[in-house]
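Trainee: Quick one, fold the following:
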Amino acid sequence: MNASKARTVVLISGRGSNMSSLLTASQNGSCHIDIAAVISNRPLAPGLQSAAQAGVATECIDHTEFDSRASFDASLAERITSYEPELVILAGFMRILTPEFTRQFEGRMLNIHPSLLPKYPGLNTHQRAIDAGDTEHGASVHFVTAELDGGPVAVQSVVPVLKGDNADSLAERVLSTEHQLYTVAADWFGRGLLKMASNKGVLCEQNLKKPVILRNAQLEGVEPVWHKLLTSAGPLAQQ
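Mentor: Alright, predicted model coming up:
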């Protein structure tokens, strides 16, 4: 396991609520990462100001100034690499990344997606869950690969779909779980408990046959021998 915090770069496109949560957790010691920089593709992203106020380096690489997705990704990769990160976190980064970019950071790049993957990759996930008559919905933290929302899923939060829900009310319920979910996954990575190998999620040196579930701030689907290790430090230890 890593003795020091994982040096991390966070990518955002908007207000960066997950970024802010990760930053707070990293600075108060409940998440084993050290956020070296926050980078946005949008100059007016509110999250840039939040990160700067917290004393974190910020940069903007405006995607509209590039003539191709590949040239933007190449510039973004260069800036990320300059910070020498062990971990790259996508926190509401609204860009589809090229395979060349994802290969460069494969195994050390995480994303959070508002559905129980492999259900509903892409957009409009909450309405799609309602339209399908699902009784449960949630969010997934997964390793990023060239396949959109298709990398190995490490951990998912689960919430009920209630009678009378609309896309907005369901989105709010899912978002209420995302901040803890992402800090948990980032903390596990930072402590050396979570990694990707051979295109599989690996937790506590065991291949994940299915994602760990976080329901009502409690873990499900974890081997008893590993439960204490996963919860004795980090966000879940703050319960």
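
Trainee: For the rest of this, base every contact and every neighbour count on C-alpha atoms.
Mentor: OK.

Trainee: And Tyr237, what's its pLDDT?
Mentor: If you look again at residue 237, you'll see it is Ala, not Tyr. Ala237 carries a pLDDT value of 85.

Trainee: ditto for Leu219
Mentor: At Leu219, the model reports a pLDDT of 96.

Trainee: what's around it, how many residues?
Mentor: When counting by other Cα atoms under 10 Å, one arrives at 17 neighbours for Leu219.

Trainee: for Ser4, same thing?
Mentor: Ser4 has 12 neighbours, counted by other Cα under 10 Å.

Trainee: how near is it to Glu106?
Mentor: Relative to Glu106, Ser4 is positioned 21 Å away (Cα to Cα, to the nearest Å).

Trainee: what's the answer for Cys204, then?
Mentor: Counting by Cα to Cα, the gap from Cys204 to Glu106 is 19 Å.

Trainee: go on, Pro211?
Mentor: Pro211 is 19 Å from Glu106, by Cα to Cα.

Trainee: Flag the shaky bits of the protein, pLDDT-wise.
Mentor: Counting by pLDDT under 70, the chain contains low-confidence residues at 1-3, 238-239.

Trainee: Am I right that His137 is in contact with Leu162?
Mentor: No: using Cα atoms under 8 Å, His137 is not in contact with Leu162; the gap is 10.1 Å.

Trainee: quick one: contacts for Ala70?
Mentor: Under the criterion of Cα atoms under 8 Å, 6 or more residues apart in numbering, the neighbours of Ala70 are Thr98.

Trainee: Which of the helices or strands spans it?
Mentor: Ala70 belongs to helix 69-82 when assigned by DSSP states H and E.

Trainee: Sort out which residues of that helix are buried, please.
Mentor: Buried residues in helix 69-82, counted by 16 or more other Cα atoms under 10 Å: 72-73, 76-77, 79-80.

Trainee: Repeat that for stretch 147-160.
Mentor: Neighbour-count burial for stretch 147-160 flags 149, 151-159 (criterion: 16+ other Cα under 10 Å).

Trainee: With stretch 161-175 instead?
Mentor: In stretch 161-175, counting by 16+ other Cα under 10 Å, buried: 161, 170-171, 173-175.
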